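A.B. asks: Predicted model follows, preceded by the sequence.
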Amino acid sequence: MPLIKRTELPALLKKTAEGEFCQLYLFFGERYLCREAADRLEKTLLTLDGGGTVHQIDGDTEDSGRTLGQLMNFSLLPGLQIHRVTDSRLFHSKNSASSIWAKVEQAHAENKDSACRRHLLAFLNLAGLPAGESLQAIEGGQWQKLFAFSRPAGSLLWADELLGGANAQKKTDSGTDAAGRFQEVFMKGIPPANILLLSAETVDKRKKFFTFIKKHGVAIDCSVASGGGAAAQKGKKEILRELVMKSLSAHKKKMQPRVLEQLYERVGFHPVAVVMETEKLCLFVGERESITLEDLDEMVGRTREDALYELTDAFGKKQTGRTIVLLHRLLENGVHSLAILATMKNYLRKLLVFRSLQLQPEPLYQPGMSAQQFQGNYLPALKAQEQWKDLLKGHPYALFMSFSKAGEFSCSQLKNWLYLLLQAEFRLKGAPLPPELVLEELFFSMLFGRKK
């Protein structure tokens, strides 16, 4: 069977309900979407004659030899025997190391320790290293050899501390070796009642086992288009709308389109959060059928991303009091101090790039130009230079506002602020000072003009 998109899942489920199924499935891409799609397939399989039993297996601690032994043996239990492995490592390779590390850093910045630890364990497994291995001790050349990308700058003691909470100290199977054994077993054949459901966030599509599944099993692509383009944003909204409508239908509730849009804006593309917030709203309205904007305001707060945007907005407008209030609100809500620094660094870096572009002789930037002039003449000429493509991908009016804001500062001022940010980062990582004290001093220094 070929590789199919998640949108084609209903057709697959229909065939499954009619008794047409295979013994090997792979769900890959966005974690929640993989889980939700696997749940639907699992439910359909269990409705077949004879029912069955589901054996849940955590890929982070999986003993592949034991899983293979269960797949090769006939079970004394009646019906189908569904072995479901979540977060499988069979499809990892050095080529996926950098993408897994990006997830590690994102989870760390968002203060999500459990997710960060899960990604760290998967990262170590790529090189066959035990969970107790110190990432801080791995030097640049060895890091490049193990993971095929340059060692991240700065201290990695935070990663070692997280890994210190992991119990498994033995080396796990490398994805290549274990995947080869799985492929060999399925080529020889397993008992007809045994089924393997695999899910993985990151896969290397060049791996032989992935190609084998596409030919002899079913691979369901649950990935989501990345980037901020119109097509990607539209695809994300369609996915969120599907999840919201499914939750509303289960509770027999309705939601007005404008309320739905506000829900998207507040939660962002976080499928788990969207489903949880929708269910919370359904329970909140009680016997009422329709969910209103007032209900949304009452029950769904602003997300971390919204609050961080408010912080940069207040800082850009030099509103000292509002900036400090928002800073403390973020810290009280559990946002990590390093995540706040990362947000400010990205914000100031973008302003510095835009200010530098304004100083170029071609195309000529004219302070005070209208949004129409910016979008019709200056921005197209700037994009034609093929520089800073990622920073110039956003909505034209949003870019116009960012360029206008950048024009309020000098390059030396922006570089000085970045230097102060670096000093604050060193203090947060090395000095025994409260994070709120370090960040308060940073913002006062920037807003009141302390030089490096």
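C.D. replies: Nice, I can see it.

A.B. asks: Could you use CA atoms for every contact and neighbour count after this?
C.D. replies: Noted.

A.B. asks: Low-confidence ranges, the chain, go.
C.D. replies: Within the chain, the segments meeting pLDDT under 70 span 1, 94, 165-176, 226-230, 301-307, 333, 450-452.

A.B. asks: Please tell me how far the most centrally placed residue in it sits from E30.
C.D. replies: Central residue of the chain (C-alpha atoms, centre = their mean): K103, 6.3 Å from the mean position. With distances taken as C-alpha to C-alpha, to the nearest Å, K103 is found 12 Å from E30.

A.B. asks: Name the SS class of the residue lying farthest from the centre of the chain, please.
C.D. replies: The centre of the chain is farthest from one residue, L76, which by C-alpha atoms, centre = their mean lies 40.8 Å away. Under DSSP: H, G, I helix; E, B strand; the rest coil, L76 falls in the coil class.

A.B. asks: quick one, what contacts L348?
C.D. replies: With C-alpha atoms under 8 Å, 6 or more residues apart in numbering as the criterion, the residues that contact L348 are 414, 417-418.

A.B. asks: quick check, distance from the one helix or strand it maps to to the centre of its chain.
C.D. replies: Element membership of L348, judged by DSSP states H and E, is helix 337-358. Put simply, helix 337-358 sits 21 Å off its chain's centre (C-alpha atoms, centre = their mean, to the nearest Å).

A.B. asks: Past that helix, which element shows up next along the chain?
C.D. replies: Scanning forward in sequence from helix 337-358 by DSSP H and E, the next helix or strand is helix 371-373.

A.B. asks: Show me the contact partners of the next helix-or-strand element following that following helix.
C.D. replies: Per DSSP H and E, the first helix or strand lying C-terminal to helix 371-373 is helix 379-383. Residues external to helix 379-383 that are found in contact with it (C-alpha under 8 Å, 6+ apart): 363, 389, 392, 396.

A.B. asks: Dump the contacts of L348 to JSON lines, plus distance to L327, secondary structure and neighbour count.
C.D. replies: What follows is the contacts of L348, written out as JSON lines (distance: C-alpha to C-alpha, whole Å; DSSP: H, G, I helix; E, B strand; the rest coil; neighbours: other C-alpha atoms under 10 Å):
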{"residue": "L414", "distance to L327": "20", "secondary structure": "helix", "neighbour count": "20"}
{"residue": "W417", "distance to L327": "17", "secondary structure": "helix", "neighbour count": "25"}
{"residue": "L418", "distance to L327": "18", "secondary structure": "helix", "neighbour count": "20"}
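
A.B. asks: Is it possible to get CSV of the residues you listed that adds distance to T86?
C.D. replies: Output for those, formatted as CSV (distance: C-alpha to C-alpha, whole Å):
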residue, distance to T86
L414, 45
W417, 44
L418, 41
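
A.B. asks: Go through these and say which is closest to G430.
C.D. replies: Within these, distances to G430 taken as C-alpha to C-alpha reach their minimum at L418, with 18.4 Å.

A.B. asks: quick one: the closest one and Y347 touch, right?
C.D. replies: No. In this structure, L418 is not within contact of Y347 by C-alpha atoms under 8 Å, at 10.1 Å.

A.B. asks: Give me the common contacts of the two.
C.D. replies: Contacts common to L418 and Y347, judged by C-alpha under 8 Å, 6+ apart, are absent.

A.B. asks: just the strands in the stretch 51-200 of the chain please.
C.D. replies: 52-58, 80-86, 194-200 (DSSP state E, counting those that start in this stretch).

A.B. asks: Quick check: buried residues in the second one?
C.D. replies: In this case it means strand 80-86. 80-86 (16 or more other C-alpha atoms under 10 Å).

A.B. asks: number of nearby residues for S155?
C.D. replies: The number of residues packed near S155 is 14, by other C-alpha atoms under 10 Å.
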